[in-house]
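K.L.:
the sequence isn't on hand, but the structure is:
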């Protein structure tokens, strides 16, 4: 397989390769042990990343939001125009979406549904339309949650009625993931709820959880002095931190389990190398007798161990990549996400661990063989 | 001048309460171009003496000189270096490495010396022992006599001063043994080396320039 002439420049590699070839079954089984260890480490690591990726995707739309509502010490029962203006002054780096909410019952030929009504202008900030559109300035028409529309047999362009006014459906919206998502929703222009003086909630959509966290802190400082709570500011960023920290712990636990199998595999290599050096004691004695140095014998045997690690590690990384593709396909719906560094680093780490563990396991047998006195080793 | 000199070399082994004297004040020398046979019954200390000459073991007392240098001053690394460059070994069981070809086995002592290419000399030596057409055969594809000839070529690869042969014909039939001894004597002259062999084979004694008899660790006569 490896041309001998080329390797005369690397005698340790040549000798190690030939030695491993002498007992292919034993070499293959030792490499298989390493392969299993690498697959355990790498695929458990990748599984952790897949779970984290999916968790972030599910929570992402919530954790980058800050929700503001009237505080317990507020004189009004909602958020006033004045307060919205002040919020907008504080929050210049994110979209501020004031909302008025109510509930109602929509009827159609096919039945009726109890829905939550939200009046707002910047519909695109909070909703994704699966059919039709969620406009950035909702002046007329309405959005209905897709499930409600299906239940009631409503389609784009059909009218829905709220408080005696008719709105044409211009978009069907997807149920939001995360907490409290789903349910029946009707979204109409803010003017439809003009009989309510104040806003019920103001949602601030930031770039990410960290930005949301910062905005929440600034709003707290602006509105709430000590014990006095003028506005209630809620952000899910801290929930995300908790979830992240839980997922990190989970990841470490998974990696720990994976490492145990690699430790077991290294013990197997230690055993294999020890057996093969004891079997070859006389041969190593000949090497030493004809003038091969201790360090050269040491290198030869360490190279054998490293070969087992490299072969097992490479195959293990390939198998783990396959496992990762399947995992990401199932969990996140996109197998190619496995190729991101987040996951690939576990393949690299698994391979590196395999080689390091194998060489460490080879150290004792190699040292033992190299320091054996040739006159005794020759007796076999 | 003698390439190897043993002066009053004694080797004692402590085994439990018992002390075994394997060699008792042995004096010995070997010169270039001569073939010396060490004979004696088993347990007489022949192998121990060969280990002393081959720098595989160190004496309890006495001096071993190689090219007029005192070996007891050598470190383990020096001894290894001296064995590599100055001494060739031929064993009774051939001791070829099974996963290497004939020519690789011959190159083995200098294999880690990547600065010198011994391929040409290895091929030349194998041709001279009549194995020019067996260069890429592995030991299990060779007969006993062929294997021992590979071993002789290996012993000579680094142009040593001494070749040590431990029962070189012990595992061979009489005719094959004779050809092996012909090769050894031929190289003794051609390469100008000292050949020291240990044997209880009388055939080998016939080829020797000089015979040393060892009984109970003492040189006779």
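P.N.:
Received the coordinates, thanks. Keep in mind the model is a prediction, meaning the values are calculated, not measured.
K.L.:
let me see the contact set for whichever residue of chain B sits closest to chain A.
P.N.:
Nearest residue of chain B to chain A: residue B:84, at 2.3 Å (Cβ to the nearest Cβ). C-beta here means a position set from N, CA and C on the backbone, and glycine is covered the same way. Contact partners of residue B:84, counting by Cβ atoms under 8 Å, 6 or more residues apart in numbering or on different chains, are A:290-292, B:109-110, B:158.
K.L.:
tell me the secondary structure for it?
P.N.:
helix (DSSP: H, G, I helix; E, B strand; the rest coil).
K.L.:
isn't residue A:125 up against residue A:205?
P.N.:
Yes. Residue A:125 is in contact with residue A:205 according to Cβ atoms under 8 Å; the separation is 4.9 Å.
K.L.:
what strand or helix carries the spatially most central residue of chain B?
P.N.:
By Cα atoms, centre = their mean, the mean C-alpha position of chain B lies nearest to residue B:164, the distance being 1.4 Å. Applying DSSP states H and E as the criterion places residue B:164 in strand B:162-166.
K.L.:
quick one: strands adjacent to that strand?
P.N.:
strand B:87-90 (parallel), strand B:194-199 (parallel) (DSSP bridges).
K.L.:
could those go into JSON lines alongside mean pLDDT and mean neighbour count?
P.N.:
Below are the strands paired with strand B:162-166 laid out as JSON lines (pLDDT from 0 to 100; neighbours: other Cβ atoms under 10 Å in any protein chain shown):
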{"stretch": "strand B:87-90", "mean pLDDT": "94", "mean neighbour count": "26"}
{"stretch": "strand B:194-199", "mean pLDDT": "92", "mean neighbour count": "26"}
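K.L.:
what about the residue of chain A found nearest chain B, neighbour count?
P.N.:
Nearest to chain B, among the residues of chain A, is residue A:291, at 2.3 Å (Cβ to the nearest Cβ). Neighbour count of residue A:291, defined by other Cβ atoms under 10 Å in any protein chain shown: 27.
K.L.:
that one touches residue B:155, doesn't it?
P.N.:
No. At 11.1 Å, residue A:291 does not count as touching residue B:155 under the criterion of Cβ under 8 Å.
K.L.:
helices along chain A, start to end?
P.N.:
In chain A, the helices defined using DSSP state H lie at A:4-7, A:11-22, A:24-63, A:81-90, A:123-126, A:146-152, A:209-223, A:237-279, A:281-289, A:294-331, A:341-371, A:374-377.
K.L.:
show me how far the helix or strand of chain B with the lowest mean pLDDT is from its chain's centre.
P.N.:
None of the helices or strands of chain B scores lower by mean pLDDT, DSSP states H and E than helix B:202-207, at a mean of 85. Centroid displacement of helix B:202-207 relative to its chain, using Cα atoms, centre = their mean, to the nearest Å, is 16 Å.
K.L.:
hmm, who's touching it?
P.N.:
Counting by Cβ under 8 Å, 6+ apart, B:35, B:37, B:39, B:168-169, B:174, B:177-178, B:181, B:184-185, B:197, B:199, B:211 sit against helix B:202-207.
K.L.:
will you turn the residues you listed into CSV that also has distance to residue B:18 and secondary structure?
P.N.:
Formatted as CSV, these follow (distance: Cβ to Cβ, whole Å; DSSP: H, G, I helix; E, B strand; the rest coil):
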residue, distance to residue B:18, secondary structure
B:35, 36, strand
B:37, 30, strand
B:39, 26, strand
B:168, 32, coil
B:169, 34, coil
B:174, 39, helix
B:177, 37, helix
B:178, 41, helix
B:181, 38, helix
B:184, 37, helix
B:185, 41, helix
B:197, 30, strand
B:199, 28, strand
B:211, 31, strand
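K.L.:
and those, which of them are buried?
P.N.:
B:35, B:37, B:39, B:168-169, B:177-178, B:181, B:184, B:197, B:199 (16 or more other Cβ atoms under 10 Å in any protein chain shown).
K.L.:
widest-spaced pair of those?
P.N.:
The most widely separated members of the buried ones among the contacts of helix B:202-207, counting by Cβ to Cβ, are B:39 and B:178 (17.8 Å).
K.L.:
residues from the stretch 1-150 of chain A in reach of chain B?
P.N.:
A:4, A:8-9, A:11-12, A:14-15, A:18-19, A:21-22 (Cβ under 8 Å from any Cβ of the partner chain).
K.L.:
which one of those residues is nearest residue A:28?
P.N.:
Using Cβ to Cβ, those come closest to residue A:28 at residue A:21, 10.9 Å.
K.L.:
surely the closest one meets residue B:138?
P.N.:
No. Using Cβ under 8 Å, residue A:21 is not in contact with residue B:138, being 11.4 Å away.
K.L.:
next, the contact list for residue 131, please.
P.N.:
I'll assume chain A. A:146, A:156, A:171-172.
K.L.:
hm, I was asking about chain B
P.N.:
Per Cβ under 8 Å, 6+ apart, neighbours of residue B:131: B:102, B:142, B:146, B:149-150, B:153.
K.L.:
ok, 7 Å please
P.N.:
By Cβ atoms under 7 Å, 6 or more residues apart in numbering or on different chains, residue B:131 lies in contact with B:102, B:146, B:149-150.
K.L.:
the longest strand seen in chain A - what's its average pLDDT?
P.N.:
Assignment by DSSP state E gives strand A:95-108 as the longest strand of chain A. Averaged across strand A:95-108, the pLDDT comes to 89.
K.L.:
who are the packing partners of that strand?
P.N.:
Other elements packing on strand A:95-108 under the criterion 3 or more Cβ pairs under 7 Å, 6 or more residues apart in numbering or on different chains; DSSP states H and E are helix A:81-90, strand A:111-119, helix A:123-126, strand A:201-205.
K.L.:
would you turn the ones you listed into a markdown table with mean pLDDT and mean neighbour count?
P.N.:
Converted to a markdown table, the helices and strands packed on strand A:95-108 look like this (pLDDT from 0 to 100; neighbours: other Cβ under 10 Å):
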| stretch | mean pLDDT | mean neighbour count |
| --- | --- | --- |
| helix A:81-90 | 89 | 15 |
| strand A:111-119 | 89 | 17 |
| helix A:123-126 | 85 | 20 |
| strand A:201-205 | 90 | 22 |
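K.L.:
okay, these in a markdown table with distance to residue B:95 next?
P.N.:
Converted to a markdown table, the helices and strands packed on strand A:95-108 look like this (distance: least, Cβ to Cβ, whole Å):
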| stretch | distance to residue B:95 |
| --- | --- |
| helix A:81-90 | 87 |
| strand A:111-119 | 89 |
| helix A:123-126 | 83 |
| strand A:201-205 | 80 |
